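In: have a look; sequence and predicted model below, questions after that.
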Amino acid sequence: MIKVGVCGAMGKMGKEVVKAVCNSKDLKLVCAIDTNMIDTMVCPDVRVNGNLKSAIELYKPDIMVDFTQPKFVYEHAITCIENGVKPVIGTTGLSDEQIEALKELTLNKGLGCLIAPNFSTGAVLMMKFAQMASKYFENAEIIELHHNQKKDAPSGTAVKTALMMSQARSDSFETGNCEEVETIKCARGAKSYSDIRIHSVRMPGYIASQEVIFGASGQILKIRHDSMDRQCYMAGVLLAIKYIAEHNEFIYGLEHIMN
C-alpha cells in the first residue's frame, strides 16, 4: 500500500486528488495539507494539517502530491525531498532553473520526483502531436485559455509544449515574418523557445484549453485540447503516483511514463 499525502488538499484540484486516492485500492491517504480549513476531516482518520514538514514527520507519506500555488511549490518540493518523500508535482510556475535544481537534488538523494505540467492524457497527446507536427512546419504559435483564478501565465502546459516543439525543430518558428511593431506592448504574445509565441487568456467559464496553430503556404493545422472537468486529470495523477513510488527517477512530463 502506497502512503500518499496531498498538499493543497482543499483546493479544487486537491479535493479531486484526495477523492481519487481515497477511492484507490492501491493507495492510502495518510495526510492532507492546506493552510485553509485546518482540522477539516477529508476522509476517515485524515484531517487537514496546516504544516507540511510536521505532517511529513508525523504521518511519513511515501509520496506527496502538490497542487498549491507557484510561489510555494518550489519550497514544498525541497521540504519533501530533504525529508525523504517523493514529490508528484502538478502545480505549475516552476522556472527552468528550479526544475534543474530539483532534478539535481533528487538525484543526489536517490529519490524519485515527477513534475507534470498537465495530467490529462488528452493534453499530453496534444503536446506530443504538436511536437510531431513541428518537424514539418516553420511557423507556429500557442494559445492557452484558463479560468480567471489561475495565477501563473503562461500555463505550464504551454511552456512544456513549446519546449517539446523546439526539441523537434531548433530554428525559429517565425520564418518569413516581417519586422513587427507592437503599438500596444505584448500584443503579439510572449516569445518562448525557438521564438514560439504564447498567448494567455484568462476567462470565467474555462477550466483549461490549449490550441497550437501551425501555418504554411496555403494551409493551417490546429491541434486543440479542452478540459471540461477536473476529474479528467485523475487517471494521470494516479499513474504518476504509482510509477514514482516504484522508481527513483526524475521525470518532467507525463508523456515519459505513458505507454
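Out: That came in fine, so what should we check first?
In: contacting residues around Leu29?
Out: Contact partners of Leu29, counting by CB atoms under 8 Å, 6 or more residues apart in numbering, are 4-6, 18, 21-22, 42-43, 46. The C-beta positions use only the backbone N, C-alpha and C, and glycine is treated the same way.
In: give me that answer again for 6 Å
Out: Residues in contact with Leu29 (CB atoms under 6 Å, 6 or more residues apart in numbering) are 4, 21-22, 43, 46.
In: farthest-separated two in those residues?
Out: Across the contacts of Leu29, the longest distance by CB to CB is 11.3 Å; it joins Val4 and Cys43.
In: can you pick out the residue with more neighbours from these two?
Out: Remark: of Val4 and Cys43, Val4 carries more neighbours, 29 against 15, as counted by other CB atoms under 10 Å.
In: now do the lowest-mean-pLDDT helix or strand in the chain: everything it contacts.
Out: Using mean pLDDT, DSSP states H and E, the weakest-scoring helix or strand in the chain turns out to be strand 41-43, at a mean of 90. With contacts defined as CB under 6 Å, 6+ apart, strand 41-43 is touched by 9, 18, 22, 29, 32, 47.
In: for Met165, which non-adjacent residue is closest in space?
Out: Spatial nearest neighbour of Met165, excluding adjacent residues (CB to CB, 6 or more residues apart in numbering): Ser134 at 4.3 Å.
In: thinking again about what came up before, now, which of the contacts of strand 41-43 lie within helices?
Out: The helices, defined by DSSP state H, take in 18, 22 from the contacts of strand 41-43.
In: which of the contacts of strand 41-43 sit farthest apart?
Out: Within those, Cys22 and Arg47 form the most distant pair, 13.5 Å apart (CB to CB).
In: higher neighbour count, those two?
Out: Taking neighbours as other CB under 10 Å, Cys22 and Arg47 compare with Cys22 leading, 16 against 13.
In: Cys43 pairs with what?
Out: Val46 (DSSP bridges).
In: who's in contact with the spatially most central residue of the chain?
Out: The centroid of the chain falls nearest to Pro117 when counting by CA atoms, centre = their mean (2.0 Å). Pro117 makes contacts with 92, 156-157, 160, as judged by CB under 6 Å, 6+ apart.
In: and the closest residue to it other than its chain neighbours, what are its phi and psi?
Out: Once flanking residues are discounted, Pro117 sits nearest to Gly156: 3.3 Å by CB to CB, 6+ apart. Backbone torsions of Gly156, given as degrees, to the nearest 10, read phi -60, psi -30.
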